[in-house]
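Visitor: 3D, please:
(one chain, ligands or ions: 1)
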Amino acid sequence: MVDAEPLDAVVIGAGFAGLYMMYRLREDGFSVHGFERGDGVGGTWYWNRYPGARCDSEIMYYSFSFLPDLEQEWPLTERYPGQPEILRYLEEVADRLDLRKDFTLGAEVTALEFDEASGRWTLRTAQGHEATARYVVTAVGCLSAANQPAFPGAESFGGVTLHTGNWPRDPVDLAGKRVAVIGTGASGIQSIPVIAEQAAHVTVFQRTAQFTIPAENGPLDEQFVALWKQNYPEWRRRARHSAAGFPYHPSVTSAFEVSEAERRATFEAAWGAGGFTFLSGTFRDLVLDEAANDTAAEFVRKKIDEIVRDPQVAEMLKPRDFPIGTKRLPLDTNYYVTFNRPNVTLVDLKRTPVEEITATGIRTSAGHHDLDVIVYATGFDALTGPLEALGIRGRGGRSLRDAWREGPRTYLGVAVPGFPNLFTITGPGSPSVLSNMPVSIEQHVEWIGEFLSWARERPAGVIEATEQAAADWTDHVQQVAGHTLHPQAASWYMGANIPGKPRIFLPYLGGVGAYRDRCSAVAANGYEGFVLSGEESGLPGERSGDHVTRPGDHRAA
Ligand code: NAP
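Guide: Numbers count the residues shown, from 1 in each chain. Next comes the predicted model:
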């Protein structure tokens, strides 16, 4: 067995969050090792390789702010970066910071157990790795546990089955194929127009019609890029103190402070400009007031009528089940217009539900669709799913899954009572998915890094959020969401997409800037809401050596 001396910390995941956390802890002199399920770095951008996969944050600020050289050198090509480009960016980060050596790839963590006597965690992977560490930092992403609905007969399908969130690394040839896409969230909406250009026929199985806004993607003007790069520190500062991690100011005007004509002109301009401005940059009350919301929803429904030629199809595409913006608003390129193509068919699953999947296709109550490929664009068990999949057991051997039976209870979305020395980057109860992720990730990484450095100076082997702090924070998260229209939607924000999952609003809606201030105040007050206990932390700073056992090591021992 190789030297299995306990580590100071393990980091799980090698996407944006894991790469930066690893760098911070390593540079701060902690002994740390990372485990990543994928065979490469990249996280979300490693797995989501489906046709059309692209980020909805603009490229200028979908990046790290702590790498000023890379910030200047990295080409800002298109307005929204595509999956291959983001993956290349993260690979470049990993290479520049020499991070690959610090991760074991292809290592899926399936057990994480806290030992109360030693105050340490033991980690095990499905592939047989084992490590012991004082601290665990999860960097597993919010949307990384794919939701695969259990349709009767699914295993009998003789064609190719794919999931957008778990797309194969080797290119999939869809040319000439009869393809089904199940699901019309952001992943379906991005992939359907691209798949329709390749496939012989695409049948879209829609359960709930979604609103979507044009992305208006395209190449960036050189002068614009130069100007942006000159002012990076200021853009970054604005993003950090904003509502959603974007460096723009949201509107302060109510939808009813202007005339109907002005309102329509405002929506029209935002529709033409593309992007999330349609929600946040037009009127301040769109997700607060139903009547205001309906003005925006009606605008989009009229657009669908203008774009989609077949009135029946247009009607099916019109969302009527939830206020616009209360499910994550996708940005699209050619979504609605794709339904004018002769090789695209829309199936309304509410009217004609799936009865079974057969060897040759999908049978709904209206008949059989012959297929070569079924693409599940059915989303994720969001925020809690990736954490529960780690097999976490805290004090008294209690599983995280059990502790969260009624919904996640966290302190600041970063710590869980009963699970000491465990930190969850962009966990439930933090702004996470309601923000430009790199901004929220950097804030969590830096806060956790500072906390661990602070604890190292103190006799504090065990750090734990108190029950009270977590209860208060969890109430606060729900209260803030309750002031909006969000709880009205059966969304993945509410856990409503997963049968049996408790309905609780998962991310924090209070804003990135306000959340940052709160976390900073907690730190300034000696990490209030946490209890530090145990002997000396025993973290000596930089160590060398191999602290991880590999598959087979235990057999040799
Ligand atoms: P999603 O938004 O959860 O959409 C899943 C779709 O599958 C929905 O239309 C859902 O219908 C449908 N569905 C789920 N279970 C089903 C079932 N049993 N039968 C029929 N239909 C079913 O998932 P997603 O599209 O993968 O997006 C998830 C999130 O990932 C996004 O909201 C976004 O935050 C992120 N994302 C971002 C980007 C980007 O930045 N460009 C791209 C893709 C994804 P219901 O609505 O009826 O539940």
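
Visitor: output the below-cut-off pLDDT ranges for the stretch 51-200 of the chain.
Guide: Within the stretch 51-200 of the chain, no range satisfies pLDDT under 70.

Visitor: break down it into its strands, ranges please.
Guide: 103-104, 109-115, 120-125, 130-138, 160-163, 178-182 (DSSP state E, counting those that start in this stretch).

Visitor: now those strands in a markdown table, with distance to Arg458 and mean neighbour count?
Guide: Every C-beta, even on glycine, is put in place using the N, C-alpha and C of the backbone. As requested, the strands of the stretch 51-200 of the chain are exported to a markdown table (distance: least, Cβ to Cβ, whole Å; neighbours: other Cβ atoms under 10 Å):
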| stretch | distance to Arg458 | mean neighbour count |
| --- | --- | --- |
| strand 103-104 | 29 | 20 |
| strand 109-115 | 20 | 18 |
| strand 120-125 | 17 | 22 |
| strand 130-138 | 13 | 24 |
| strand 160-163 | 46 | 18 |
| strand 178-182 | 52 | 25 |
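
Visitor: could you dump these to a markdown table with distance to the ligand?
Guide: As requested, these are exported to a markdown table (distance: least, Cβ to the nearest ligand atom, whole Å):
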| stretch | distance to the ligand |
| --- | --- |
| strand 103-104 | 24 |
| strand 109-115 | 22 |
| strand 120-125 | 26 |
| strand 130-138 | 18 |
| strand 160-163 | 9 |
| strand 178-182 | 5 |
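
Visitor: okay, these in a markdown table with distance to Asp170 next?
Guide: Converted to a markdown table, the strands of the stretch 51-200 of the chain look like this (distance: least, Cβ to Cβ, whole Å):
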| stretch | distance to Asp170 |
| --- | --- |
| strand 103-104 | 23 |
| strand 109-115 | 25 |
| strand 120-125 | 24 |
| strand 130-138 | 29 |
| strand 160-163 | 12 |
| strand 178-182 | 17 |
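
Visitor: isn't Ser57 right next to Phe246, touching?
Guide: Yes. Counting by Cβ atoms under 8 Å, Ser57 touches Phe246, with 7.3 Å between them.

Visitor: overlap in contacts, these two.
Guide: Shared contacts of Ser57 and Phe246 (Cβ atoms under 8 Å, 6 or more residues apart in numbering): Asn436.

Visitor: next, count neighbours for the closest residue to the ligand within the stretch 101-250 of the chain.
Guide: Nearest residue of the stretch 101-250 of the chain to the ligand (Cβ to the nearest ligand atom) works out as Gly185 at 2.1 Å. The local packing of Gly185 (other Cβ atoms under 10 Å) involves 22 other residues.

Visitor: show me what contacts it?
Guide: Gly185 neighbours (Cβ under 8 Å, 6+ apart): Gln210, Lys327, Arg328, Pro330, Ala377, Gly379.

Visitor: from the residues you listed, which is closest to Ala131?
Guide: Using Cβ to Cβ, Gly379 comes nearest to Ala131 of the contacts of Gly185, at 31.5 Å.

Visitor: any idea how far the closest one lies from the ligand?
Guide: Using Cβ to the nearest ligand atom, to the nearest Å, we find Gly379 at a distance of 3 Å from the ligand.

Visitor: got a pLDDT number for that residue?
Guide: Looking at Gly379, its pLDDT stands at 98.

Visitor: leaving out sequence neighbours, find the closest residue to it.
Guide: Asn147 (4.9 Å; Cβ to Cβ, 6 or more residues apart in numbering).

Visitor: in the longest helix seen in the chain, what's buried?
Guide: Ranked by number of residues, the top helix in the chain under DSSP state H is helix 437-456. Residues 437-453, 455-456 are the ones in helix 437-456 that count as buried (16 or more other Cβ atoms under 10 Å).

Visitor: repeat that for stretch 293-303.
Guide: In stretch 293-303, the ones that count as buried by 16+ other Cβ under 10 Å are Asn293, Thr295, Ala296, Ala297, Phe299, Val300, Arg301, Lys303.

Visitor: with pLDDT, secondary structure and distance to the ligand as extra columns, can I get those residues in JSON lines?
Guide: Shown next, in JSON lines, are the buried residues of stretch 293-303 (pLDDT from 0 to 100; DSSP: H, G, I helix; E, B strand; the rest coil; distance: Cβ to the nearest ligand atom, whole Å):
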{"residue": "Asn293", "pLDDT": "98", "secondary structure": "helix", "distance to the ligand": "18"}
{"residue": "Thr295", "pLDDT": "98", "secondary structure": "helix", "distance to the ligand": "23"}
{"residue": "Ala296", "pLDDT": "98", "secondary structure": "helix", "distance to the ligand": "18"}
{"residue": "Ala297", "pLDDT": "98", "secondary structure": "helix", "distance to the ligand": "16"}
{"residue": "Phe299", "pLDDT": "98", "secondary structure": "helix", "distance to the ligand": "21"}
{"residue": "Val300", "pLDDT": "98", "secondary structure": "helix", "distance to the ligand": "16"}
{"residue": "Arg301", "pLDDT": "98", "secondary structure": "helix", "distance to the ligand": "17"}
{"residue": "Lys303", "pLDDT": "98", "secondary structure": "helix", "distance to the ligand": "19"}
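
Visitor: can you give me the neighbour number for Asp402?
Guide: 12.

Visitor: likewise the one 10 residues further on?
Guide: Applying other Cβ under 10 Å, we find 24 residues neighbouring Leu412.

Visitor: give the contact list for it.
Guide: Applying Cβ under 8 Å, 6+ apart, the residues near Leu412 are Gly429, Ser430, Ala465, Trp473, Tyr515, Arg518, Cys519, Val522, Gly529.

Visitor: distance check, the closest residue to the fifth one other than its chain neighbours against the ligand.
Guide: Think Tyr515. Ranked by Cβ to Cβ, 6+ apart and with sequence neighbours excluded, the top spatial neighbour of Tyr515 is Pro431, at 5.2 Å. The spacing between Pro431 and the ligand, counted by Cβ to the nearest ligand atom, is 13 Å.

Visitor: before we move on, the earlier item: how about the strands of the stretch 51-200 of the chain, which one is nearest Lys229?
Guide: Of all the strands of the stretch 51-200 of the chain, strand 103-104 comes closest under Cβ to Cβ, at 30.1 Å.
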